[in-house]
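In: Below is the structure, and that's it, no one-letter string:
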């Protein structure tokens, strides 16, 4: 933790969690029922992107290696993206220009998919990790677009509703894909099925992955059904956030390194995407608090 590459992102996590509690706490507690999902989802998107932004600023030479080789100014783009991520996190927490910042964030993650994730997946079609990463960034892009559409108080246009439903379906497809991956690799940590193995000191280690896989498959299928889509997305998002503040927090505390923090942030952001997706279908204005 003495290294600035580790201390910076961890410090950012603590600062933004405190800021989120102060700025969004009252909004969350005043919201009723399923309306609590939106402020919680917004914070669950904001905190991870702030951590990712801090990593760009504290470990620029490691991050810049991910930039495509044909792209000039790798170090510039590394710093630029870091600053942009932190700015978007502040926007989400303090509700300033959310529509613009969320739209730009969604476009940025879409560019990551097209420029980095899909080429890597196509180059190694039999490797599951590149496809999992492509799915993850796609879900992050869809979640940001959903936040842009669902944060406004005004009536949506028909075009916005179509985009929101398309983004919802994309999140549901990614969730179903992730759920199937849980059955194939029950030894890995749940929610975002990358290559980290669940430590055996976690009680019922493999059980949580299988249970989450079942929830993701069933919940993702239900997200396609309008009458229960909101409830399903909220329940899935809440479950993923619960995993973050229990299992992932325990793993991160046991070994406070950048890898543990990244898994914590990645999974929290996926939970945020699911919570924000609960408003994909337009909610009557009279039931909205945020």
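Out: Arrived safely, thanks for sending. If you're wondering where the values come from, they're calculated on a predicted model, not measured in any experiment. Residues are numbered from 1 along each chain as shown.
In: Please list all residues in contact with residue 133.
Out: Residues counted as contacts of residue 133 (CB atoms under 8 Å, 6 or more residues apart in numbering) are 117, 120-121, 194. The way it works is simple: take the backbone N, C-alpha and C, and place the C-beta from them, glycine included.
In: repeat that for 6 Å
Out: Contacts for residue 133 (CB atoms under 6 Å, 6 or more residues apart in numbering) come out as residue 117.
In: and it, what helix or strand is that in?
Out: Assigned by DSSP states H and E, residue 133 belongs to helix 128-150.
In: Any buried residues in stretch 192-200, and which?
Out: For stretch 192-200, the neighbour count (16 or more other CB atoms under 10 Å) marks 192-194, 196, 198 as buried.
In: ok, now stretch 173-192?
Out: 173-179, 181-182, 185-186, 188-192.
In: What is the end-to-end distance of it?
Out: Stretch 173-192 stretches 13 Å from its first residue to its last (CA to CA, to the nearest Å).
In: Touching that stretch from outside, list them.
Out: Here stretch 173-192 makes contact (CB under 6 Å, 6+ apart) with 135, 139, 193, 196-198, 206, 208-210, 212-213, 216-217, 220, 240, 243, 266-267, 270.
In: And for stretch 276-283?
Out: 37-38, 41, 143, 146-147, 150, 156, 164-165, 168, 171, 226, 229-230, 233-234.
In: Can you turn the buried part of those residues into a PyMOL selection?
Out: Selection of the buried residues among the contacts of stretch 276-283 in PyMOL, burial being defined by 16+ other CB under 10 Å:
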select buried, resi 37+38+41+143+146+147+150+164+165+168+171+229+230+233+234
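In: Restricted to helices, list the contacts of stretch 276-283.
Out: Using DSSP state H, the members of those that fall in helices are 37-38, 41, 143, 146-147, 150, 164-165, 168, 171, 226, 229-230, 233-234.
In: Closest to residue 61 out of those residues?
Out: residue 143 (29.0 Å; CB to CB).
In: Now for the closest one: which residues touch it?
Out: Applying CB under 6 Å, 6+ apart to residue 143 gives the contacts 273, 276.
In: separation between residue 274 and residue 37?
Out: Relative to residue 37, residue 274 is positioned 9 Å away (CB to CB, to the nearest Å).
In: Check residue 282 too.
Out: 15 Å.
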